[in-house]
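*Asks:* How does the following fold in three dimensions:
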Amino acid sequence: MSASVKSLREEFRELMKLAIPIAIAQGGQSLMGLVDTLVVGRAGTSALAAVGLANSLFFAVAGMGMGLMMGFDPLLSQAFGAKNGTRARALLWQGGWMALFAGSVLAAVALVIPEVLPFFGYAREELAETRAYLYWRAPSLVTMFAFLMLRSYLQSSASTRPLVVATVAANIFNLGADILLVFGGTVLPEGFGPLRLIPAMGAAGAALATFLCTVIQLGIVLYAVRRLVPSEEKPVRRPLWPDLRQAARVGIPIGLHIGAEIGVFALAGVLAFKLGQASMGAHQIALSFASVSFTMAVGIGNAGSVRVGWAVGAQNTPQARLSGFVAFVGGGGFMALSALVFALFPGTLSQLAGAAVDVVPLLIPLLMVTAIFQVFDGLQGVGAGVLRGAGETRFTFLANMVGHYAIGLPLSLLLGFGLKLGILGIWWGLCAGLIAVALALLWRFHRLSAGTLRPLEA
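*Replies:* Numbering: from 1, shown residues only. Predicted coordinates for the structure are as follows:
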């Protein structure tokens, strides 16, 4: 076996050792969203539409904060790559402050949004469940951002087992809490005492269950990190504005990129809502299934980010280039397999989702479209990760703006409303935007890694 082939196999093996636990953790987040959708979908089409709209708005708001937290990713991975654990622990504390500041501000924004929507033609009475959902979900922004920071530290230190434990625990809790809080304690058999007195909260119950899950996850990973950090080392615990500014310089473009990506899907959700509750339900179910498969690509992208960051921190550009391209191949290959599942079993997936009779005729062809853009969605997810590990975040934002808003969204409007293709036309437009972004990020990493990659804190 040649040395090059052996190095490729070794790199792929090391990548997957990181990627699989990270993907399980990421998949756990999407699985909770899918369970919310499946449970709420059985409460009625109106509740499902309300959760779909609320989720779109919630993540549109959360995107900037998620980006700010991910600004610590390359700083942490490059610090570990340079064997500077002390610096990594100092960054950990600053990330905690960032989670508190960003989460509090964005939670307030999330609570205000439903009050603004009536000015854009939405009937106030139609937004009651959407408003209730966001009321219970908004507090989870602080705990979610803190979890993202601790996740970044654990994956950069190659300590990924706690992420899997936290994910499994949260999902077990979420299933039971969803059913109990959405439908009320009357679903329980006799003998459960006070739990049977819990009222049915509908869509708001799913939001409360998700918030409680983020608290559980945060507690588990916080315990794991406390065991990793040497007790004799005491980094500065107060906010250090130079460190926060540096993380913000890296993270703001990531936040804008995430906001652009989430925003275009949020706009697609708003457009689907305009087409009617059946279209919104089909959109939400297809998006939930696609999000679950996409988590493996995100896991590979995050693992690629860590491995590229390690190599950049060690000032080894050839290794960073190898790590990045192996991640591209791994992410694209997995998503190609996922696409086959969507293409071959759309009817089975519709039955699994428990879709209403009026939703199924829209959902099945929508899942076929989802199959097509799976590969490109995976490539752009991996591309964002490996570029982040190299410290390049601005180009990713620009690529998303051009791909989604100059190409994807206009096509969605043209096909969905101009040519009367409805929800299918909207998703074909989204597909075109994803293809443009994926090709741009692949090209950028090729150009960037052909030179010399330098650490952000050189």
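
*Asks:* any weak-confidence spans in the chain?
*Replies:* In the predicted model of the chain, residues 1-6, 43-44, 121-123, 125-126, 187-189, 191-193, 195, 197, 230-233, 458 satisfy pLDDT under 70.

*Asks:* Mind naming the longest helix for it?
*Replies:* Counting residues, the longest helix in the chain under DSSP state H turns out to be helix 3-41.

*Asks:* Following the chain onward from that helix, which element is next?
*Replies:* Downstream of helix 3-41, the next assigned helix or strand under DSSP states H and E is helix 45-70.

*Asks:* by contact count, what packs against that next one?
*Replies:* helix 3-41, helix 85-116, helix 128-137, helix 140-156, helix 203-228, helix 241-275, helix 277-313 (3 or more Cβ pairs under 8 Å, 6 or more residues apart in numbering; DSSP states H and E). Quick note: C-beta positions are derived from backbone N, CA and C, even for glycine.

*Asks:* Counting by contacts, list what the shortest one packs against.
*Replies:* It refers to helix 128-137. Contacts defined by 3+ Cβ pairs under 8 Å, 6+ apart place helix 128-137 against helix 45-70, helix 85-116, helix 203-228.

*Asks:* Name the stretch among those helices that sits most buried.
*Replies:* helix 45-70 (a mean of 25; mean count of other Cβ atoms under 10 Å).

*Asks:* could you give the angle of the helix or strand following that helix to helix 277-313?
*Replies:* Per DSSP H and E, helix 45-70 leads on to helix 72-81 as the next helix or strand towards the C-terminus. Counting by axes from the mean of the first three to the mean of the last three Cα atoms, to 10 degrees, helix 72-81 lies at 30 degrees to helix 277-313.

*Asks:* Using CSV, write out every CA atom in helix 72-81.
*Replies:* Presented in CSV, the C-alpha positions along helix 72-81 are these (Å, rounded to 0.1, in the frame of the first residue of the first chain):
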residue,chain,number,x,y,z
PHE,A,72,-14.3,30.3,19.8
ASP,A,73,-14.0,27.1,17.7
PRO,A,74,-10.8,27.9,15.8
LEU,A,75,-9.3,29.7,18.7
LEU,A,76,-9.8,26.6,20.9
SER,A,77,-8.7,24.0,18.3
GLN,A,78,-5.6,26.1,17.4
ALA,A,79,-4.7,26.5,21.1
PHE,A,80,-4.9,22.7,21.6
GLY,A,81,-3.0,22.2,18.3
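
*Asks:* which residues touch that helix?
*Replies:* 85, 87-88, 91-92, 94-95, 98, 149, 152-153, 156-157, 246-247, 250-251, 302, 305-306, 308-314, 388-391, 455-457 (Cβ atoms under 8 Å, 6 or more residues apart in numbering).

*Asks:* go with 7 Å
*Replies:* With contact meaning Cβ atoms under 7 Å, 6 or more residues apart in numbering, helix 72-81 is reached by 87-88, 91, 95, 149, 152-153, 156-157, 247, 250, 305-306, 309-314, 388-389, 391, 455-457.

*Asks:* likewise stretch 214-225?
*Replies:* Taking Cβ under 7 Å, 6+ apart as the rule, stretch 214-225 contacts 140, 143-144, 146-147, 150-151, 153-154, 162-163, 165-166, 169-170, 173.

*Asks:* Between which two of those is the distance greatest?
*Replies:* Largest separation among the contacts of stretch 214-225 by Cβ to Cβ: Tyr153 and Phe173, giving 23.5 Å.
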